[in-house]
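S.K.: Predicted model and sequence follow; I will ask about them next.
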Amino acid sequence: MAASASDAAAARDLMQSSGCFKCHAVDKKKDGPALRDVAAKYKGVGDAEDKLIYHVTSGEMVKFEDGHEEHHKKVKTESPKDTRNLVQWILTLPGGTKY
Amino acid sequence: MLLAIGSTVVALADEPDRSLQADHVCTKCHDESEAKPVLSIYKTAHGVKADERTPGCQSCHGPSEAHVKNATGASTRPPVDVDFRHGSATSTAAQAKTCLGCHENGQRTNWMGSEHQRSDMPCTACHEIHTEHDRVLATTTQPDVCFTCHKTQRAQIHRISTHPILAGKMDCSDCHNPHGSNGPKLMVKNTVNETCYTCHADRRGPFLWEHYPVSEDCTNCHTPHGSNNTPLLKTRAPWLCQECHTSDHSGALNSGANLPNGAATTIGGMLPPGAQSPRSQTNGRNCLGCHPMIHGSNNPAGARFSK
């Protein structure tokens, strides 16, 4: 399984340098969903990786709880390999979380 | 009943601390996951919430509505109103004004017009506000902050004769006030000598016999950051003394004039091979061998600082 081969440290570093953790935490909800919930949502979805890669690289609009919308941040890397590693790491996170 | 108590505890735990309510608008995004820690400010004097004067995030960074609301929906939010990051759009003056709003007193009274202010340096060039231990406030780490720019002084403190800066017993702010001063070179006192006398009180006098260059400016003879001539001398004696004293035996190095064995030690101003006595002017402690009280003497017979 490709996801199990992800480099967790590199993924976390990229998330931090890209500012992802401002809105997402691993196991708690912030403005964005917990990463574990993202993993749970996409579990078993065939093209999960591609969907998430599009999400973190396209700058598509995302809706916040208060109703306003803004462009999703793009990960700060030019390397598709690093982006895929980040997404794979998210998908390896166990279970969902409750909040 | 227990369940009710339990749910109350949970409810309280979920609520941000009352004193931090205002900060929550910032800390809900800028939390422990930041690459550069921000929450550690709560371990500093700025985070003492028991003191009502203590600022919150928006006291220093401004309300920053554009940043908080991000009305344009941009993926990168507009910067905060007062942005202290290097190269930010907030002017240095505006940054300093924010800090001086509380800190314009005491040692910062002379900030306006001081060298660092005129060099357009923001407070954050030296200070780390969010860090638990601001390096510039500790004796052992402060010099490294100053030496980031003052590289000549960094080299000088590695010379043979120095103030104990590397030993961690002194720091730059023992002598200098980086926030501005009424004296030269950002001295903590009004003059160089007054600053030196705060430690070297025995040099202050008043003396019956004054050595005027001493009372005029210590740096006539000394270089404070470091020298290869002990003690912190600009040049080695007797050459240092000879910069002013040019007559008699003080002027001609090997003359021996008016010195013990002077006539026997030199021929034509040169030391002959096999002479029994070395050059008197360069022997032992040089001039200071005979003039030890060079900073001033209180002995009635001390006019030549020999006693």
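M.R.: Great, that's in hand.
S.K.: From the chain's centroid, how far away is stretch A:29-41?
M.R.: 8 Å (Cα atoms, centre = their mean, to the nearest Å).
S.K.: And chain B, is that stretch touching that?
M.R.: Yes. Contact between stretch A:29-41 and chain B, assessed by Cβ under 8 Å from any Cβ of the partner chain, occurs at A:Lys30, A:Asp31. Every C-beta, even on glycine, is put in place using the N, C-alpha and C of the backbone.
S.K.: what does that stretch rub up against?
M.R.: For stretch A:29-41, contacts defined as Cβ atoms under 8 Å, 6 or more residues apart in numbering or on different chains pick out A:22-28, A:52, A:62, A:64-65, A:90-97, A:99, B:28-29, B:31.
S.K.: Stretch B:50-65 now?
M.R.: B:20, B:22-23, B:25-27, B:45-48, B:80-84, B:98-99, B:102, B:129.
S.K.: mind checking which helix or strand A:Leu86 is in?
M.R.: According to DSSP states H and E, A:Leu86 maps onto helix A:80-92.
S.K.: Could you list the buried residues of that helix?
M.R.: Using 16 or more other Cβ atoms under 10 Å in any protein chain shown as the test for burial, helix A:80-92 gives A:Asp82, A:Thr83, A:Arg84, A:Asn85, A:Leu86, A:Val87, A:Gln88, A:Trp89, A:Ile90, A:Leu91, A:Thr92.
S.K.: what's the distance between the third one and B:Glu34?
M.R.: Distance of A:Arg84 to B:Glu34, given as Cβ to Cβ, to the nearest Å: 25 Å.
S.K.: ok, now the last one?
M.R.: The spacing between A:Thr92 and B:Glu34, counted by Cβ to Cβ, is 24 Å.
S.K.: One more: the second one?
M.R.: Taking Cβ to Cβ as the criterion, A:Thr83 is separated from B:Glu34 by 22 Å.
S.K.: Buried members of the contacts of stretch B:50-65 into ChimeraX, please.
M.R.: Here is the ChimeraX command that picks out the buried ones among those, judged by 16+ other Cβ under 10 Å:
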select /B:20,23,25,26,27,46,47,80,81,82,83,84,98,99
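S.K.: Now do the contacts for the residue nearest to B:His158 when sequence neighbours are not counted.
M.R.: The spatial neighbour of B:His158 that comes closest, neighbours along the chain excluded (Cβ to Cβ, 6 or more residues apart in numbering or on different chains), is B:Gly226 at 6.8 Å. Counting by Cβ under 8 Å, 6+ apart, B:Gly226 makes contact with B:Gln153, B:Ala155, B:Gln156, B:Ile157, B:His158, B:Arg159, B:Ile160, B:Ser161, B:Thr162, B:His163, B:Leu232.
S.K.: farthest-separated two in those residues?
M.R.: For those, the maximum inter-member distance is 15.7 Å, found between B:Gln153 and B:Ile160 (Cβ to Cβ).
S.K.: if you count what's nearby, which of the two comes out ahead?
M.R.: B:Gln153 (16 against 11; other Cβ atoms under 10 Å in any protein chain shown).
S.K.: count of neighbours near the closest residue to B:Glu132 other than its chain neighbours?
M.R.: Using Cβ to Cβ, 6+ apart and skipping residues adjacent in sequence, the residue nearest B:Glu132 is B:Lys43, 4.3 Å away. A count of nearby residues for B:Lys43, using other Cβ under 10 Å, gives 14.
S.K.: how about the helices in the stretch 1-150 of chain B?
M.R.: Secondary structure of the stretch 1-150 of chain B, counting by DSSP state H, counting those that start in this stretch: helices at B:2-14, B:21-27, B:57-61, B:65-69, B:92-103, B:115-118, B:142-147.
S.K.: can you put these in CSV and add mean pLDDT?
M.R.: Compiled in CSV, these are given as follows (pLDDT from 0 to 100):
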stretch, mean pLDDT
helix B:2-14, 51
helix B:21-27, 89
helix B:57-61, 94
helix B:65-69, 93
helix B:92-103, 95
helix B:115-118, 96
helix B:142-147, 97
